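S.K.: sequence plus the predicted model coming up.
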Amino acid sequence: MTDQKSMFINGEWIAAESGETLEITNPATGESVGVVSYGDGREAAKAIDAAHEAFKSWSKLTARERSRYLYNLYELVRNSRDELAGIISAEMGKPLREAKGEVLGAADNFMWYAEEAKRVYGDTVPTSVPNKRILVIHQPVGVVAAITPWNFPVNMVARKIAPALAAGCTVVLKPAECTPLSSIRLFELIEQAGFPKGVVNLVVGKPELVGQEFINNPKVRKIAFTGSTRVGKLLMEGAARQVKRVSLELGGHAPFIVFEDANLDAAVEGLFESKYRNAGQMCICTNRLYVQESVLDSFSEKLIERLKKTKVGDGRNKDTEIGPLINEQALRKVLDHIEDAKAKGASVLYGGNRLTDGEYSKGFFIQPTVISGVTKDMKISCEETFGPVVPVIPFKEEADVVEMANDTTYGLASYVYTENNSRCFRMAEALEYGIVGINDGSPTQTQAPFGGFKESGIGREGGYYAMEGFLETKFVSFGL
Ligand code: ADP
């Protein structure tokens, strides 16, 4: 990709007014995979104007008409699965198999919301006075500014724009600066799907400047964001000035709890999914592994056996299970969490080092790692690691582990492995998390609500819950 007209605004491909460009590199090899035009607040303002204008007619279409565009996009994305997966893998390093899964997930979102667009029902409510009638209708909030991260560069976009468009909103998207290429390809498909001009716009630009325009421009009525808690708080503070709606999917610090009655083999596979998939770079990733004392040794042995068989490498190789981290800064943070834990008394049970030889020499690779002897004062116990490193912490009783698991400012995902049905229910209710995986290390589906308690966010993506975030509720009172 060398075409530098990388922004799609009002139905046209344009370059940044500043003339600035940005080079995208493969984190596995350091090779350049493309150069894109790098805009700022000016392009954001143009895109917002276009979306504001397009809202007038898009919001008036029937749901069935809007649905047709989304269905077209579903088919296009599905058919471009291999191509999009290749771009994702090249720009952010994830294994091809995972990237294909991500693209299918994105396609599924377009299909699901093509259907859901038709189900925005209202209510009639019984009145307490005889000469009045109460009608409740839902209407789209208006222009949505969406900001997405690099770890699921296609599906995070789909999860925001599909429900927003289905609800009748128009959208300006700013993708993460290290993964714009898959968004650009997705927007080519959006163009092909025939959406009217201005309905969906793409701004590849400087985060702070584009973000400021999103916050300050009164035409933006809603900010939908996935990323760090730090940036989420900045956006929420800024949005408060105009009481803009926000939905925020922020960081996590997931506990993964293995009870002595668990199926340990299933728990190891579940942990692998929740900790090492995407090289540990997911907001629902396990960050603390709690294992009941009596099975601590056998579980740790099984986990290490699994990791010994795990191939780390370039995501484009067929046998790769763990790709590189996204960049040097991410790698430094993960190594810092390991060093900090060691300095405060922890020991490394497996892994612990950067990989630098041969095929690893130009990328940001790290061994999958298991640490023991972790205490609360260590960074890994309270900060999001975002890498393939897990601290294993023993516990005695159910009540103790519930307290430890909930002792965090985060509240996104949590995991429990047990074969005891009563315990399943007790744990599901006791954990202060928006998502609880019971004997499930990969709890994400298009139709299910995804989002966090506490500082992990506000609002929900997925299912009809996401539609609510793009709709206003209007009470119409009829006097007879
Ligand atoms: P991560 O640490 O996962 O990269 P960030 O929160 O920094 O998380 O990034 C998530 C998204 O937020 C990216 O698209 C990034 O460009 C964007 N972003 C970062 N800083 C700001 C900001 N000040 N205003 C608006 N968006 C921002």
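M.R.: Yes, it's here.
S.K.: which other residues reach the helix or strand harbouring residue 103?
M.R.: Following DSSP states H and E, one finds residue 103 within helix 96-116. In this structure, residues lying in contact with helix 96-116 by CB atoms under 8 Å, 6 or more residues apart in numbering are 67-68, 70-71, 73-74, 77-78, 80-82, 84-86, 88-89, 94, 152, 154-155, 157-159, 162-163, 165-166, 186, 277-278, 315-316, 318, 320, 444, 446-447, 464, 466-467. The C-beta positions use only the backbone N, C-alpha and C, and glycine is treated the same way.
S.K.: list only buried entries from the residues you listed.
M.R.: Listed as buried from those are 67-68, 70-71, 73-74, 77-78, 80-81, 84-86, 88-89, 94, 152, 154-155, 157-159, 162-163, 165-166, 186, 277-278, 315-316, 320, 444, 446, 466-467; burial here means 16 or more other CB atoms under 10 Å.
S.K.: in helices, which of these appear?
M.R.: 67-68, 70-71, 73-74, 77-78, 81, 84-86, 88-89, 155, 157-159, 162-163, 165-166, 186, 466-467 (DSSP state H).
S.K.: excluding sequence neighbours, find me the nearest residue to the most centrally placed residue in the chain.
M.R.: In the chain, the centroid-proximal residue (CA atoms, centre = their mean) is residue 156; its distance is 5.2 Å. The shortest distance from residue 156 to any non-neighbouring residue, by CB to CB, 6 or more residues apart in numbering, is to residue 148 (4.2 Å).
S.K.: the one you found and residue 226 touch, don't they?
M.R.: Yes. Contact between residue 148 and residue 226 holds when scored by CB atoms under 8 Å: they sit 5.7 Å apart.
S.K.: between the two, which contacts overlap?
M.R.: In contact with both residue 148 and residue 226: 156, 160, using CB under 8 Å, 6+ apart.
S.K.: SS state for residue 393?
M.R.: strand (DSSP: H, G, I helix; E, B strand; the rest coil).
S.K.: for it, list each beta-bridge partner.
M.R.: Beta-bridge pairing of residue 393 under DSSP bridges involves residue 290.
S.K.: got a list of what it touches?
M.R.: 288-291, 374, 404.
S.K.: before we move on, the earlier item: tell me the buried residues in the helix or strand that the helix holding residue 103 is followed by?
M.R.: Where DSSP H and E defines the elements, the next helix or strand beyond helix 96-116 is strand 123-125. Using 16+ other CB under 10 Å as the test for burial, strand 123-125 gives no buried residues.
S.K.: in its sheet, what does strand 123-125 sit against?
M.R.: Sheet pairing for strand 123-125, using DSSP bridges, gives strand 132-140 (antiparallel).
S.K.: then whichever helix or strand comes after the partner strand to PDB, C-alphas only?
M.R.: Remark: after strand 132-140, the chain's next helix or strand is strand 143-147, criterion DSSP H and E. Only the C-alpha atoms of strand 143-147 are listed here, as PDB (Å, rounded to 0.1, in the frame of the first residue of the first chain):
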ATOM      1  CA  VAL A 143     -23.000  11.800  14.600                       C
ATOM      2  CA  VAL A 144     -20.800   9.200  16.300                       C
ATOM      3  CA  ALA A 145     -17.000   9.600  16.600                       C
ATOM      4  CA  ALA A 146     -15.400   6.200  17.000                       C
ATOM      5  CA  ILE A 147     -11.800   5.600  18.200                       C
END
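S.K.: tell me the angle strand 143-147 makes with helix 155-167.
M.R.: Angle, strand 143-147 to helix 155-167, by axes from the mean of the first three to the mean of the last three CA atoms, to 10 degrees: 170 degrees.
S.K.: residues touching residue 164, list them.
M.R.: 144, 146, 170-171, 224, 470.
S.K.: quick one, grab the pLDDT at residue 124.
M.R.: pLDDT, residue 124: 98.
S.K.: any idea how far the residue of the stretch 301-450 of the chain found nearest the ligand is from residue 283?
M.R.: Closest residue of the stretch 301-450 of the chain to the ligand, CB to the nearest ligand atom: residue 386 (7.3 Å). Computed as CB to CB, to the nearest Å, the residue 386 to residue 283 distance reads 9 Å.
S.K.: do the same with residue 299
M.R.: 25 Å.
S.K.: of these two, which one has the most company?
M.R.: Per other CB atoms under 10 Å, whichever of residue 299 and residue 283 has more neighbours is residue 283, with 26 against 23.
S.K.: return the residues in contact with the more buried one.
M.R.: 151, 226, 249-252, 384, 412-413, 456.
S.K.: near the ligand, which residues of the protein show up?
M.R.: 147-149, 174, 176-177, 207-208, 211, 227-228, 231, 234 (CB under 6 Å from any ligand atom).
S.K.: buried subset of those as a ChimeraX selection?
M.R.: Here is the ChimeraX selection string for the buried members of the residues of the chain next to the ligand, based on 16+ other CB under 10 Å:
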select :147,148,149,174,176,177,211,227,231,234
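S.K.: OK, contacts around the residue lying closest to residue 454 once chain neighbours are set aside?
M.R.: On the basis of CB to CB, 6+ apart, the spatially nearest residue to residue 454 that is not a chain neighbour turns out to be residue 411, at 3.8 Å. Counting by CB under 8 Å, 6+ apart, residue 411 makes contact with 252, 432-434, 452-456.
S.K.: which elements pack onto the helix or strand hosting residue 51?
M.R.: When elements are assigned from DSSP H and E, residue 51 belongs to helix 41-58. Packing partners of helix 41-58 (3 or more CB pairs under 8 Å, 6 or more residues apart in numbering; DSSP states H and E): strand 7-9, strand 143-147, strand 170-174, strand 200-202, helix 207-216.
S.K.: any chance of TSV for these, columns mean pLDDT?
M.R.: Shown next, in TSV, are the helices and strands packed on helix 41-58 (pLDDT from 0 to 100):
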stretch	mean pLDDT
strand 7-9	98
strand 143-147	99
strand 170-174	99
strand 200-202	98
helix 207-216	98
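S.K.: make JSON lines from the ones you listed and add distance to residue 261 to it.
M.R.: Shown next, in JSON lines, are the helices and strands packed on helix 41-58 (distance: least, CB to CB, whole Å):
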{"stretch": "strand 7-9", "distance to residue 261": "53"}
{"stretch": "strand 143-147", "distance to residue 261": "43"}
{"stretch": "strand 170-174", "distance to residue 261": "46"}
{"stretch": "strand 200-202", "distance to residue 261": "49"}
{"stretch": "helix 207-216", "distance to residue 261": "47"}
